[in-house]
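Colleague: the following comprises the amino acid sequence and a computationally predicted model.
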Amino acid sequence: MLPLQAFKQFINQHHLFLDNDRILLAVSGGKDSVLMAYLFNAASYKFGIAHCNFKLRGKDADDDEKFVAALADTFDVPFYSTAFNTETYAKINRISIQMAARELRYNWLESVRKENGYSYLALAHHQNDVIETVLLNLTRGTGIAGLHGIFPKRDIKIRPLLFIGRDEIDAIIESEKISYREDSSNASVKYARNKIRHLVVPVLKQLNPQLEQTFEENVRRLTDAEAFISAEIEKLRSQLFIETGEDSFRIAISELNVLKPLHFTLFELFKPFGFSEAVINDLIRSLPGQAGKIFESPTHFILLDRGKLLLQKRAEALPESVNIIENDTHVHWHNLQITMDAKDAEEVTIIPSPDRLYVDAGLLQYPLTVRSWLQGDRLRPFGMKSGMKKLSDVFTGAKIPLTEKLLYPVLVNGNSDIIGIPGLKADDRYKVMPHTKKVTIFEVQKQTSAW
């Protein structure tokens with residue numbers, strides 16, 4: 001029997017939508033999304049069905065699309081579908097297949113929702129998805145926000161199946177003899193989430209058979225705690241951050257030093273301005289410190305002054321990072337073009353140039369990354385036989401102004417070593433040696449007056 005009463009109760013309890021709202025359902029054809037469609041139909045809500053074909057599983061993916069189209073026809077509701085060349089999109093944008101599929105899916109679903117007058121987009125996440133998300137966040141490192149997992153409602157996205165777990169869904173599908181499509185990739189432990197699902201959660205359920213209910217209770221407590229903390233932090237921020245102009249503030253260091261716990265409170269206070277935990281750690285170590293030191297985020301910077309911090313928005317946001325994969329010939333970063341040319345060492349004559357970086361190609365680990373300088377970045381300057389030097393000191397020595405240094409491309413190896421800054425400084429560890437067999441030449445084409 002369909003859990004119709006529990007379904008409606010969850011929707012009403014979390015104010016997911018009103019009875020007369022039109023809801024767009026994202027349906028893959030799997031058990032979860034198919035059950036969601038059955039529940040919407042049984043509850044007589046107004047809905048349409050949307051399906052994405054990522055063209056990753058050949059005929060199986062096409063059969064999924066046909067199945068979902070037939071399901072929409074059975075319920076006599078609108079059906080929307082699209083197909084993506086996911087692999088090409090991932091390659092062009094230098095992101096994983098999973099990330100590419102996510103971006104393509106959500107962008108298209110939102111366009112369908114807007115164009116066809118639906119109030120919300122319904123996604124079929126359930127209680128086990130919350131468990132997996134929380135465990136993944138814990139594994140990767142997270143604050144309190146990562147411990148509550150998935151919200152039932154965020155903006156136009158709603159998740160009306162969060163009242164139910166995977167075992168219950170399986171039982172309902174079997175008892176009601178509901179047809180569905182099985183994605184074979186769900187059984188693979190190649191992906192991190194699947195490892196959590198198939199290898200970790202079963203062990204936790206042996207320890208606690210009521211794992212889903214326990215996590216639901218924990219998530220509710222953590223969500224309440226986060227709301228309370230956020231309100232207190234906002235109150236504290238309004239007291240400590242004295243506005244001195246548009247997007248600029250003054251904060252007395254004496255008032256920060258008495259905060260407890262200092263690290264947590266400062267991180268939460270400055271989090272809306274994009275400062276990372278590493279930068280906040282550096283800031284704390286510098287209180288009190290030498291006036292003139294600067295701490296930076298992609299959108300703001302903090303200047304350490306006498307007895308106070310000055311928080312200021314950047315005139316220009318930090319450019320996004322880009323990846324370089326093997327065999328790439330050029331990439332665009334900010335408004336620069338960086339070209340890569342790999343040659344046999346005997347063909348290369350090293351000519352010192354402010355625009356070029358010569359690197360031992362055998363030491364490169366792809367993908368490489370081009371990004372802006374970050375607080376704490378270090379390299380071993382060319383000619384230096386041991387030790388490391390902060391990039392901030394390299395910029396200072398070259399008399400690069402704060403407003404310009406973030407526009408210099410920092411080239412990062414796949415092992416996180418900084419290879420150099422084309423046009424400014426090379427790392428001695430990656431220099432061309434007599435035994436080098438292949439050389440990669442990185443060249444920057446200057447296109448801005450900032451250089």
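Modeller: In hand now; what should we look at?

Colleague: for the helix or strand hosting residue 202, what is the average pLDDT?
Modeller: Here residue 202 sits within helix 201-207, counting by DSSP states H and E. Helix 201-207 shows a mean pLDDT of 93.

Colleague: how about low-confidence regions in the protein?
Modeller: Within the chain, the ranges that satisfy pLDDT under 70 run 184-190, 290-291, 315-319, 401-404, 446-451.

Colleague: how far away is residue 321 from residue 373?
Modeller: 11 Å (CB to CB, to the nearest Å). (Each C-beta comes from the backbone N, C-alpha and C, glycine too.)

Colleague: comparing the two, which residue is more hemmed in?
Modeller: A direct count of neighbours by other CB atoms under 10 Å for residue 321 and residue 373 places residue 373 higher, at 22 against 15.

Colleague: show me how far the longest helix belonging to the chain is from its chain's centre.
Modeller: Across the chain, the longest stretch assigned as helix under DSSP state H is helix 211-240. Here the centre of helix 211-240 is set off from its chain's centre by 22 Å, with CA atoms, centre = their mean, to the nearest Å.

Colleague: which strands and helices sit next to it?
Modeller: Packing contacts for helix 211-240, counted by 3 or more CB pairs under 8 Å, 6 or more residues apart in numbering; DSSP states H and E, involve helix 127-140, helix 201-207, helix 262-270.

Colleague: what angle sits between that helix and helix 262-270?
Modeller: 80 degrees (axes from the mean of the first three to the mean of the last three CA atoms, to 10 degrees).

Colleague: mind exporting the C-alpha coordinates of stretch 237-250 to PDB?
Modeller: This file holds the C-alpha atoms of stretch 237-250, laid out as PDB (Å, rounded to 0.1, in the frame of the first residue of the first chain):
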ATOM      1  CA  ARG A 237      28.400  40.600  13.400                       C
ATOM      2  CA  SER A 238      26.000  43.600  13.600                       C
ATOM      3  CA  GLN A 239      27.700  44.600  16.800                       C
ATOM      4  CA  LEU A 240      31.400  44.100  15.800                       C
ATOM      5  CA  PHE A 241      31.400  45.100  12.100                       C
ATOM      6  CA  ILE A 242      31.200  48.900  11.900                       C
ATOM      7  CA  GLU A 243      30.300  50.000   8.400                       C
ATOM      8  CA  THR A 244      32.700  52.500   7.000                       C
ATOM      9  CA  GLY A 245      31.400  52.600   3.400                       C
ATOM     10  CA  GLU A 246      29.900  50.500   0.700                       C
ATOM     11  CA  ASP A 247      31.000  46.900   1.300                       C
ATOM     12  CA  SER A 248      33.600  48.000   3.800                       C
ATOM     13  CA  PHE A 249      33.800  47.500   7.600                       C
ATOM     14  CA  ARG A 250      36.100  48.200  10.600                       C
END
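
Colleague: contacts for that stretch?
Modeller: Under the contact criterion CB atoms under 8 Å, 6 or more residues apart in numbering, stretch 237-250 has outside partners 251-252, 255-256, 269, 300, 308-313.

Colleague: name only those of these that count as buried.
Modeller: 251, 256, 269, 300, 308-309, 311-313 (16 or more other CB atoms under 10 Å).

Colleague: tell me which two of those sit farthest apart.
Modeller: Across these, no pair lies farther apart than 256 and 313, at 19.8 Å, counting by CB to CB.

Colleague: quick one, phi psi at the nearest residue to residue 369 once chain neighbours are set aside?
Modeller: Of all residues not flanking residue 369 in the chain, residue 412 sits nearest, at 4.3 Å (CB to CB, 6 or more residues apart in numbering). Backbone torsions of residue 412, given as degrees, to the nearest 10, read phi -120, psi 130.

Colleague: now do residue 248
Modeller: Dihedral angles for residue 248 - degrees, to the nearest 10 - are phi -140, psi 140.

Colleague: what's around it, how many residues?
Modeller: 14.

Colleague: picking up where we left off before, who wins for proximity to residue 344 among the helices and strands packed on helix 211-240?
Modeller: Of all the helices and strands packed on helix 211-240, helix 127-140 comes closest under CB to CB, at 41.0 Å.

Colleague: mind giving me the domain ranges of this structure?
Modeller: 4-219, 241-313, 322-445 (automatic domain parsing).
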